[in-house]
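Chemist: Structural data only, the sequence is not supplied:
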Ligand code: C5P
């Protein structure tokens, strides 16, 4: 499935399915219990490193059986052959989104994109996974970045360069912070799919996030999918918390 067709299909999902609830928990039982409580609106969930390390492919199968779309956020970074093989596994699992580091370079991003372009579509979603590139982790400071890779470029310049490279290599989109979102949309235009974490509904507890944006602001700035964790998963009723955000966006 080519990327323009895939991106259009993902953008067609209803508002409730464009909010991805991050299941940042260490066990399968906890993940399934939250997913259950998300109710009919809670169609899209994120399985990240913690949950996947603990519960593996089985948790993905179980969530799929609950009619959830899966954002498999494992941020691949390895030799091209290994990254392409991991992307094929994401397709076999029926994930809707998967991620890799853009700093993995041209050959690895091209190999993973090509593997997914040829992958079979999932029989439930009718889609293959979209490959999203992570540019620079927002947790990295300018100083830390200088330690691993000294450069006169600002972090902002690096983010933009990696984002362009990812799109040129065939990736379907990007994961980016709300802060980088307007700049990336201005630089790359409307085509790439953009997924944004660091979202807080107006008045919600900010927790350890520093730069937060409301769901409405992020969508208005050009985000396609929002990743929201604790404001939903730690709410007394996760289903109502999610529905309130979806209603605000609809
Ligand atoms: O609970 P909270 O809404 O802060 O969770 C946000 C989710 O988005 C977590 O799964 C976190 O790993 C992820 N994330 C983030 N900031 C980034 C990239 C990913 O918070 N820059």
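Modeler: Everything's here; your move. A quick note: this is a predicted structure, and the numbers were derived from the prediction, not measured. Numbers count the residues shown, from 1 in each chain.

Chemist: what comes up buried for the worst-scoring helix or strand of the chain on mean pLDDT?
Modeler: Here the helix or strand of the chain ranked lowest by mean pLDDT, DSSP states H and E is helix 142-148, holding a mean of 90. By neighbour count on 16 or more other Cβ atoms under 10 Å, the buried set for helix 142-148 is residue 145. Every C-beta, even on glycine, is put in place using the N, C-alpha and C of the backbone.

Chemist: Going by proximity to the ligand, name the top residue of the chain.
Modeler: Residue nearest to the ligand within the chain: residue 229 (2.4 Å; Cβ to the nearest ligand atom).

Chemist: burial of that residue, as a residue count?
Modeler: The tally of other residues near residue 229 (other Cβ atoms under 10 Å) stands at 20.

Chemist: Over to residue 27?
Modeler: Neighbourhood size, residue 27 [other Cβ under 10 Å]: 13.

Chemist: That one and residue 150, how far apart?
Modeler: According to Cβ to Cβ, to the nearest Å, residue 27 stands 41 Å off from residue 150.

Chemist: how far out from the middle of the chain is the helix or strand encompassing residue 72?
Modeler: Assigned by DSSP states H and E, residue 72 belongs to strand 69-76. Centre-to-centre, strand 69-76 and its host chain are 7 Å apart (Cα atoms, centre = their mean, to the nearest Å).

Chemist: Could I get the buried residue list for that strand?
Modeler: For strand 69-76, burial by neighbour count (16+ other Cβ under 10 Å) applies to 69-76.

Chemist: one step back: got the phi and psi for the residue of the chain closest to the ligand?
Modeler: Dihedral pair for residue 229: phi -100, psi -100, per degrees, to the nearest 10.

Chemist: same thing with the one 4 residues further on?
Modeler: For residue 233, the backbone dihedrals are phi -70, psi -30 (criterion: degrees, to the nearest 10).

Chemist: Cool, thanks, signing off.
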